[in-house]
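J.: coordinates only, sequence not included:
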């Protein structure tokens, strides 16, 4: 389902004088690097994605051709373990008009400009709203489909409606304000207790780990209730789910071959065992909730599992809300609600440590806003415009999800004048769009000031900045994630003065990104924290 790769919407600075080649900007995910390596056996696309060909000097000219996922003249880089990102203008094209020897899966279209993203996620959104399922994802969704990976249709619409109106509505998110403030207070105390003030300077703390614990605890508290404290098991399941969701097997690359299906048997078995373990885990969680509901009745505060169980018991929905669907929804919320915010918070603090001037301005704003209460609450977050700019700039420079989850073309159509075949897999390269020099001044530089006075926001209306996606498939947990991130970052800036460990200069900070569904820091962030005010 991922062959061949096609580049869509290249910008002018990515084109050479020869009009027959267009290059794909941005990172190449591991599965696409493997894919490109396999294509090297016969470097050619299975199908041509091009506008009707014109004659120029007696030869056919195609305006779009397949691209490989490695640096030009360096195909060996595909096999290097530490090669995670490929520079935007260094992709090498396949020769136009060539064909592979073997039957492969559906073509893959990579849209790497804001114009192409708008065409896919707005102009033709209805045609690209469904999801292709890899071999592993088919196993993972066998026992019950939630919303993230399910194909577009009535089931998706009904589950999306529940999430938008019942689970992640602005009213529901506001209702959980006290939980967010409670978990942030725990984060602040954890940082203070981990940073021993006796040495001079104080001992460094692993801020990456503490932020991960905070986001996981806050998400679990809201979804599953305060009584749940088996964090380590849940984190292990979420990490494995993210890994499986981004995995690609040989059976996906060569669906007509028998040998690849045999080769991926071990991977599929591991996925089946994982899914069964998760289902057993969720069964225990739901059983505990049912017991507490029967004992306490309606006296206790509802978490999101309680909401789903109540909707199931009332039976007033337009479809049957089975326990399997509830388990799938819960697990998707747990994974999605923590993974991307953790990534953004870690990168935000890393960039602030690398840019002391930005840190100073942000702290001055936060401390001015809360100087009377001397305590950070959600009420004052609207008075922190520069903090909001920092979060936006972090999401631009370090996009939590470098690629929008794949979409599938339901009917053949034209995008920017190019034919996209039916059942082609379409991937929007957010990483490339957010680093496009034609859109952003000095795109590789961390400059929150670029968002001051700008109308650009998170809601998917500005396709140069879509960290949560856009269109029908936009992330329904956007407001949930922003609420958790804003409160946490404001608290870190208000309660502590920050410095790097001894002998570490801002320019020496390791900013290497990992690659997967999310782009976390490769190395944990160690910093020194000195309390600025009395802690809550």
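T.: That came through fine. Worth saying up front: this structure is predicted, and the values here are computed from it rather than measured.

J.: CA atoms for contacts and neighbours, from now on please.
T.: Fine.

J.: Report the residue ranges of every domain in this structure.
T.: Using automatic domain parsing, the domain ranges for the chain come out as 5-104, 139-531.

J.: Figure out which of those domains is closest to residue 133.
T.: Distance to residue 133, taken as Cα to Cα, is lowest for domain 139-531 among the domains of the chain, at 7.2 Å.

J.: In the stretch 151-300 of the chain, where is pLDDT below threshold?
T.: Within the stretch 151-300 of the chain, the segments meeting pLDDT under 70 span 196-201, 227-229, 248-249, 252-256, 297-300.

J.: tell me the helices in it, going along the chain?
T.: For the stretch 151-300 of the chain, the helices defined by DSSP state H, counting those that start in this stretch cover 154-162, 170-175, 177-194, 207-224, 231-245, 250-253, 258-263, 265-296.

J.: mind putting those in CSV, distance to residue 359 included?
T.: As requested, these are arranged in CSV below (distance: least, Cα to Cα, whole Å):
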stretch, distance to residue 359
helix 154-162, 38
helix 170-175, 28
helix 177-194, 18
helix 207-224, 16
helix 231-245, 30
helix 250-253, 46
helix 258-263, 51
helix 265-296, 41
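
J.: Could you dump the domains of the chain into JSON lines with distance to residue 118 and mean neighbour count added?
T.: Formatted as JSON lines, the domains of the chain follow (distance: least, Cα to Cα, whole Å; neighbours: other Cα atoms under 10 Å):
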{"stretch": "domain 5-104", "distance to residue 118": "11", "mean neighbour count": "18"}
{"stretch": "domain 139-531", "distance to residue 118": "6", "mean neighbour count": "18"}
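
J.: I'd like those as a markdown table, with distance to residue 120 appended.
T.: Below are these laid out as a markdown table (distance: least, Cα to Cα, whole Å):
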| stretch | distance to residue 120 |
| --- | --- |
| domain 5-104 | 11 |
| domain 139-531 | 7 |
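
J.: Was I right to think residue 460 contacts residue 473?
T.: No - judged on Cα atoms under 8 Å, residue 460 makes no contact with residue 473 at a distance of 10.1 Å.

J.: shared neighbours, the two?
T.: The contact sets of residue 460 and residue 473 do not overlap (Cα atoms under 8 Å, 6 or more residues apart in numbering).

J.: Find the nearest non-adjacent residue to the most centrally placed residue in the chain, please.
T.: For the chain, the residue nearest the mean C-alpha position is residue 401 (2.8 Å; Cα atoms, centre = their mean). Nearest non-adjacent residue to residue 401, counting by Cα to Cα, 6 or more residues apart in numbering: residue 518, 4.5 Å away.

J.: Quickly note the distance from the one you found to residue 339.
T.: Distance, residue 518 to residue 339, by Cα to Cα, to the nearest Å: 8 Å.

J.: Go ahead and confirm the residue nearest to the centre of the chain touches residue 515.
T.: No - using Cα under 8 Å, residue 401 is not in contact with residue 515, being 9.3 Å away.

J.: Residue ranges in the stretch 1-150 of the chain under the pLDDT threshold?
T.: Ranges of the stretch 1-150 of the chain meeting pLDDT under 70: 1-105, 143-144.

J.: Phi, psi for residue 149 please.
T.: Dihedral pair for residue 149: phi -110, psi 0, per degrees, to the nearest 10.

J.: Please renumber the chain so that the first residue is 273 from this point on.
T.: Renumbered: residue one is now 273, and that last one reads residue 421.

J.: which non-adjacent residue is nearest it?
T.: Closest residue to residue 421 apart from its sequence neighbours, by Cα to Cα, 6+ apart: residue 403 at 6.2 Å.

J.: Pull the number of nearby residues for the one you found.
T.: A count of neighbours around residue 403, defined by other Cα atoms under 10 Å, yields 21.
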